[in-house]
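Asker: Quick check, what structure comes out for this input:
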Amino acid sequence: MKTIILFRHGKSDLNGHFINDHDRPLTNEGINAAEKMGKYLSRKNEIPDIVISSTAKRAKHTADAAMRKGEWGCSITFNNIIYSGSTNDLLTMIKKQNNQHDSICIVGHEPKFSNFVNLSINNKHTHFPTATMAKINFEVFEWNLIEFGFGKLDWLIRPKELN
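Answerer: Numbers count the residues shown, from 1 in each chain. Down below sits the predicted model:
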C-alpha cells in the first residue's frame, strides 16, 4: 500500500509587503499549527518516509516546524511543481517517487490539495483550511500505479480539532 499525506501550509502573512506570493512567511499562528500537526503525526506513529515540500517560503517553514516539533527522522526535498503546477502535475510527480518509500507527506497549497483529495476519492467537495492534513491510501505497491478515483481517505484533520 502507498500512502500520501497532504499537508497544507500554515496560516501565512497576507498583510506584509512581499515582492511576490512565493515569499510570504508564516504567522505565529501558522507556526503553532504546523508544530501541533507535526506532533499529531508522531503520536499516531504515522511519520512519513519522506517529505516533499513546495518551494514557497510558507510551505518550507510549515514542513520545518512540523518535522522539528514532531521529531520526524525523515528526509525532505523541495519541488516547485507543488507550487506552480496543476493537480495533474502533482499526480505525475507522485508517480515518479521511489518505491522504497511507502508513505510520503506533501506540503503545499490550495486549491490543489482539495482537488487532489476530491479526484482521488471521488468526492465533490473537501474543505481544506490552513495546516490541515489528509491521509489517502492507495492499494498499490508502486507509485506509478496510483490513479485518481482509486484512493481511500483514511483521515482528514484540522489543527483546531486537536487538543
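Asker: make it CA atoms for all contacts and neighbour counts henceforth
Answerer: OK.
Asker: Give me the sheet partners of whichever strand or helix holds residue 155 and which way each runs.
Answerer: Per DSSP states H and E, residue 155 falls inside strand 151-157. For strand 151-157, the paired strands and their directions (DSSP bridges) read strand 133-138 (antiparallel).
Asker: Return the strand it pairs with as PDB; C-alpha atoms alone will do.
Answerer: What follows is strand 133-138, C-alpha atoms only, in PDB (Å, rounded to 0.1, in the frame of the first residue of the first chain):
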ATOM      1  CA  MET A 133      -3.700  17.200   6.900                       C
ATOM      2  CA  ALA A 134      -5.400  14.400   4.900                       C
ATOM      3  CA  LYS A 135      -4.200  10.800   4.600                       C
ATOM      4  CA  ILE A 136      -5.100   8.900   1.400                       C
ATOM      5  CA  ASN A 137      -4.300   5.300   1.000                       C
ATOM      6  CA  PHE A 138      -3.900   3.600  -2.400                       C
END
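Asker: what sits up against it?
Answerer: Residues outside strand 133-138 that contact it (CA atoms under 8 Å, 6 or more residues apart in numbering): 1-8, 37, 117, 120, 146, 150-158.
Asker: Just the buried residues of those.
Answerer: Among the contacts of strand 133-138, the ones that count as buried by 16 or more other CA atoms under 10 Å are 2-8, 37, 117, 120, 146, 151-153, 156-158.
Asker: hmm, back to that, average model confidence for the strand holding residue 155?
Answerer: What strand 151-157 shows for mean pLDDT is 97.
Asker: Number the chain from 826, please
Answerer: Done: numbering now begins at 826, and the last item shifts to strand 976-982.
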